[in-house]
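Participant: Can you look at this prediction? I've put the sequence above it.
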Amino acid sequence: MKSGQIWLSVLAPRLAFAFFLAPLLVGHPKILAQVNPPSLVQESAQSHRAFEQGLRQLRNRNYRGAIAEFNRAIQLDPNFKEAYSGRGFAQLQSGQLPQAVDSYNRILQIDPKAAIAYSGLALVRSRLGDDRQAKLDTEKSASLLTLQTTRHQYQSELSLLELSAATAGQTSETDVWSLIEQGYRQIEARNYRAALNTFNQAVERMPSGSARPYIDRGVAYFWMQDYRSAIADFSTAIRFNPFYVKAYEYRARAYEQVGQAQAARADSQKATDLARRFGSQAMYEDMTTRQQQAKQ
C-alpha cells in the first residue's frame, strides 16, 4: 500500500470522529478575567484557548503564528500533548524537520502510548522518503487510537490537518499512484521512454512543490543514461524537500556517472547524515551498508 493510501486508511476513522464531535464544540465557554492569580482550572482553560488560536493559525497556514500559540499553550500546560503535536505539525509544514521530530518525541516522553506522536512521526518519515518506517509509525498510531486521551476533539482537529497535508492538492490520488506504479513496471520491462512519459503525467497531476514525482522521473532519466536530466530532477526534488534522503542518494549515483566524484561523495554523506538524524535505524543501516559495498 502506498503512503498516501496509508494516511487515508488510518485517518479516515478519525475524520469521522471529528464530525461526530463537531456539535460538542459549539458554544465554548468564555474565560472571565480575575484579579487573583489564575487557578489550575483557569490555566488549563487558558492553555486550551491558546491551542485553539494555534489551530486557527494552522488553518490559515500561518505556521510561525501557530508555533507561537502552541508554545504559549505548552508554557501554561507543559504536559499538553496535543499542543506539542500541533507545534510539530506547524514545524513540519514550515520545513523545520529537526524541531518537528523533537516536538513529537516530547509527546512520547509524556505518554509513550500517544497515538498522535506516531502519526506525526509518520509524516516526518514520509517527508524523508522513509516509507517503510512511515508505514510502521502509522500502524503503531492506529493500534494506539483506543488509548487516546480525553482531548479527542483536539486530536481530531489535528487529524483533519494531517489528512489535508497528506492529500493536499491531489485531484485523484489513486490515479497518481497508479501512474507511478505503471512507470516502474515499464522500467522493469526496460521500456524507459514509456516510463518517462508516464512519470511526466504524474508530475503534472501532483501538486506544485511535491518532491516525489521528480524523484520517479529522475529514475527514468537515469535508466535512459540521461544523467544530466536525472540530476536536474533530483535537484528539484531536493529544492522542494531538503530532507528527502532518497533524492540525495540517487543524485549521488548520477553524479558518479558523469564523473563528479566530489559532488557524489557530498550527496552520499548528506543522505547518510539525514538517515542517521531523522530516519529509522533500518534505513540508516541500509544506507551505510550500500556505501560500504560501493567502496569495495
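Facilitator: Great, that's in hand. Numbering: from 1, shown residues only.
Participant: And the helices in the stretch 1-150 of the chain?
Facilitator: Using DSSP state H, counting those that start in this stretch, the helices of the stretch 1-150 of the chain run over 3-21, 40-59, 63-76, 81-93, 97-110, 115-128, 131-144.
Participant: Would you mind writing the CA trace of the last one as CSV?
Facilitator: In other words, helix 131-144. Below are the C-alpha coordinates for helix 131-144, written out as CSV (Å, rounded to 0.1, in the frame of the first residue of the first chain):
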residue,chain,number,x,y,z
ASP,A,131,8.2,4.9,3.5
ARG,A,132,8.9,1.7,5.4
GLN,A,133,9.2,3.5,8.8
ALA,A,134,6.3,5.8,7.9
LYS,A,135,4.2,2.7,7.4
LEU,A,136,5.3,1.2,10.8
ASP,A,137,4.7,4.5,12.6
THR,A,138,1.2,4.8,11.0
GLU,A,139,0.3,1.2,12.0
LYS,A,140,1.6,2.0,15.5
SER,A,141,-0.6,5.1,15.7
ALA,A,142,-3.6,3.1,14.5
SER,A,143,-3.1,0.4,17.2
LEU,A,144,-2.9,3.1,19.9
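Participant: quick revisit: any chance of the helices of the stretch 1-150 of the chain in a markdown table, with mean pLDDT and distance to residue 175 too?
Facilitator: Using the backbone N, CA and C atoms, a C-beta is placed for each residue, glycine as well. Formatted as a markdown table, the helices of the stretch 1-150 of the chain follow (pLDDT from 0 to 100; distance: least, Cβ to Cβ, whole Å):
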| stretch | mean pLDDT | distance to residue 175 |
| --- | --- | --- |
| helix 3-21 | 38 | 11 |
| helix 40-59 | 76 | 27 |
| helix 63-76 | 93 | 30 |
| helix 81-93 | 92 | 25 |
| helix 97-110 | 92 | 29 |
| helix 115-128 | 87 | 19 |
| helix 131-144 | 82 | 19 |
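Participant: Between the ones you listed, which one is closest to residue 205.
Facilitator: Checking those against residue 205 by Cβ to Cβ gives helix 3-21 as the closest, at 12.4 Å.
Participant: what about the stretch 101-250 of the chain, any weak spots by pLDDT?
Facilitator: 145-174, 207-209 (pLDDT under 70).
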